[in-house]
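[1] Would you be able to build a 3D model of this:
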Amino acid sequence: MYRSILRQSPSPSRFALLSSRFASTSSKQPTLKERLAVLIPQEIENVKATRAEHGKKSFGPVVVDHLYGGMRGLPALIWDGSVLDADEGIRFRGKTIPECQKLLPKAPGGSEPLPEGLFWLLLTGEVPTPEQVTELSKDWAARAAIPEFVEELLDRCPPTLHPMSQFSLAVTALNHDSAFAKAYSQGISKKDYWGPVFEDSMDLIAKLPNIAGRIYSNVFGKGKLPSIDKAKDYSHNLATLLGFGDNEAFVELMRLYITIHSDHEGGNVSAHTGKLVGSALSDPFLAFGAALNGLAGPLHGLANQEVLVWLRKMQSVIGENASDEAVREYVWSTLKGGQVVPGYGHAVLRKTDPRYMAQREFALKHLPEDSLFKLVNQVYTIVPDVLLEAGKAKNPWPNVDAHSGVLLTHYGLTQMEFYTVLFGVSRAFGVAAQLIWDRALGAPLERPKSYSTASIQKMFANKN
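    Purely as a prediction, here's the structure:
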């Protein structure tokens, strides 16, 4: 049964049957950990059957250019939470972003999915009930406090230290109280690894708002941090810690932002780094700290800053409410100056990123008259044709980074160097979910084979 749940998109009626079954067998619905305990043995058998049937089959050729080209597109990983299709975009456990927006539980009065529900979906392949999501919110709120020494560590960081460096530092320091590290030192059975890894992952996700809020407060002088409200959802608490909790539209933005940034299959730098470091049986705090260091790189997590800088520079040159022709000329000047148009094109996607479209719909609903959004809208209609004419992109369509900075800026979160921290909070959901499954399924240490240039030359010497 679990195989079908993972590989199909259950209909609402099927989900209703599942929900009614839970309700009929117990007055209290299963927690996330209880549900995982049921699913793990089934998935272990599913993996065994898949390997037995398909394990010796070829999955595609490897050419020398894969080695020199950063392994781009090389099939090499198992990542259960999401798969990125070049034509249709990301699917979380088989569900598109619009489907997630429709099916996942929402806060009372809200219209965007709660990230708690997305995490449940990533782990189980099932859409949770509102009651299960509420209990998960309460669980995370109860775990949210960070150790006093981590608070002191952050407070002693100079404000000139980049927020991502502080973020990685604090997450790594949480290893001090790792349940998995303690259990491993005491000789826990391999088949039980997933339990303490689950607890560490829950603690990790729960503590990120407090860490992010403290960094934001320290670096940008936002005053004393409020306490976590145990009656509120994860995104509401994060928004409150950043000083925006009174703005319901910003809270809704955080719910959408975390959901769409949570996972993007396993080949991107942050996801792969978390999986790789976790394969050494490093606990989730160490693994995700390493993932954050990859996310901090300019080619991964800083793209939305580059988009915002480019848009503001354009506004300073051509002014607000400029004509389409003026925007088109500025785009051409960017290309002729040897630069790329930031936020356009994608390593995998060959269509407009569904994550961009979700943010566009949010902007059309909440801030249609924002001057920067109007410019984003003009760019959206102009840039693809220019890029196609210039022959600069296989995919001339916008990606997720082309929009997120504009939304954050509209609500007053203007400190661009902090944006990647929000990305990091989101990405923890996907990395943590995969770490739990890797330990549950006994995933081995990753150890690909490497070659030197000289060995490649020798290998193909005197061969056509």
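
[2] residue ranges of the strands in this protein, please?
    Remark: strands assigned in the chain by DSSP state E are 82-85, 89-92.

[3] Could you report the neighbour count for the residue nearest to residue 305 when sequence neighbours are not counted?
    Take residue 305 and drop its neighbours on the chain: the residue closest to it by CB to CB, 6 or more residues apart in numbering is residue 416, 4.4 Å away. Where C-beta positions appear, they are placed from N, C-alpha and C, glycine not excepted. Counted with other CB atoms under 10 Å, the neighbours of residue 416 add up to 18.

[4] residues contacting residue 416?
    By CB atoms under 8 Å, 6 or more residues apart in numbering, the residues touching residue 416 are 304, 305, 308, 309, 405.

[5] which residues touch the last one?
    Residue 405 sits next to 304, 305, 307, 308, 311, 416, 419 when contact means CB under 8 Å, 6+ apart.

[6] ok, now which ones touch the fifth one?
    Applying CB under 8 Å, 6+ apart, we find residue 311 in contact with 372, 375, 376, 379, 405, 406.

[7] On the pLDDT front, check the closest residue in space to residue 107 that isn't next to it in sequence for me.
    Nearest non-adjacent residue to residue 107, counting by CB to CB, 6+ apart: residue 233, 5.5 Å away. Looking at residue 233, its pLDDT reads 98.

[8] Residue 233 and residue 421: what is the separation?
    19 Å (CB to CB, to the nearest Å).

[9] Likewise for residue 345?
    Counting by CB to CB, the gap from residue 345 to residue 421 is 25 Å.

[10] Neighbour count for those two, which is higher?
    Higher neighbour count among residue 345 and residue 421: residue 421, with 27 against 20, using other CB under 10 Å.

[11] Surely that one and residue 219 touch.
    No: with contact defined as CB atoms under 8 Å, residue 421 and residue 219 do not form a contacting pair (9.7 Å).

[12] anything in contact with each of the two?
    By CB under 8 Å, 6+ apart, residue 421 and residue 219 have these common neighbours: residue 163.

[13] lowest average confidence, helix or strand, in this structure?
    None of the helices or strands of the chain scores lower by mean pLDDT, DSSP states H and E than helix 2-7, at a mean of 38.

[14] if I look at the nearest residue to residue 223 once chain neighbours are set aside, how far off is residue 416?
    What sits nearest to residue 223 in space, not counting adjacent residues and going by CB to CB, 6+ apart, is residue 217, at 6.5 Å. Separation of residue 217 from residue 416 (CB to CB): 17 Å.

[15] Could you do residue 389 as well?
    Counting by CB to CB, the gap from residue 389 to residue 416 is 30 Å.

[16] Same question for residue 80.
    From residue 80 across to residue 416, the span is 33 Å (CB to CB).

[17] Residue 149 now?
    Applying CB to CB, the value for residue 149 to residue 416 is 30 Å.

[18] Ok, residue 236 next?
    24 Å.

[19] Also residue 410?
    Between residue 410 and residue 416 the computed distance is 14 Å (CB to CB).

[20] Kindly report the same for residue 326.
    Residue 326 is 25 Å from residue 416, where distance means CB to CB.

[21] Please name every helix or strand in contact with the helix ranked longest in the chain.
    Longest helix in the chain by number of residues (criterion: DSSP state H): helix 194-220. Helices and strands touching helix 194-220, by 3 or more CB pairs under 8 Å, 6 or more residues apart in numbering; DSSP states H and E, are helix 32-54, helix 130-142, helix 148-155, helix 163-173, helix 179-185, helix 234-241, helix 284-295, helix 419-440.

[22] For the fourth one, which residues meet the burial criterion?
    Read that as helix 163-173. 163, 164, 166, 167, 168, 169, 170, 171, 172, 173 (16 or more other CB atoms under 10 Å).

[23] can you redo these as JSON lines with distance to residue 28?
    Shown next, in JSON lines, are the buried residues of helix 163-173 (distance: CB to CB, whole Å):
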{"residue": "163", "distance to residue 28": "40"}
{"residue": "164", "distance to residue 28": "40"}
{"residue": "166", "distance to residue 28": "40"}
{"residue": "167", "distance to residue 28": "36"}
{"residue": "168", "distance to residue 28": "38"}
{"residue": "169", "distance to residue 28": "39"}
{"residue": "170", "distance to residue 28": "35"}
{"residue": "171", "distance to residue 28": "33"}
{"residue": "172", "distance to residue 28": "36"}
{"residue": "173", "distance to residue 28": "36"}
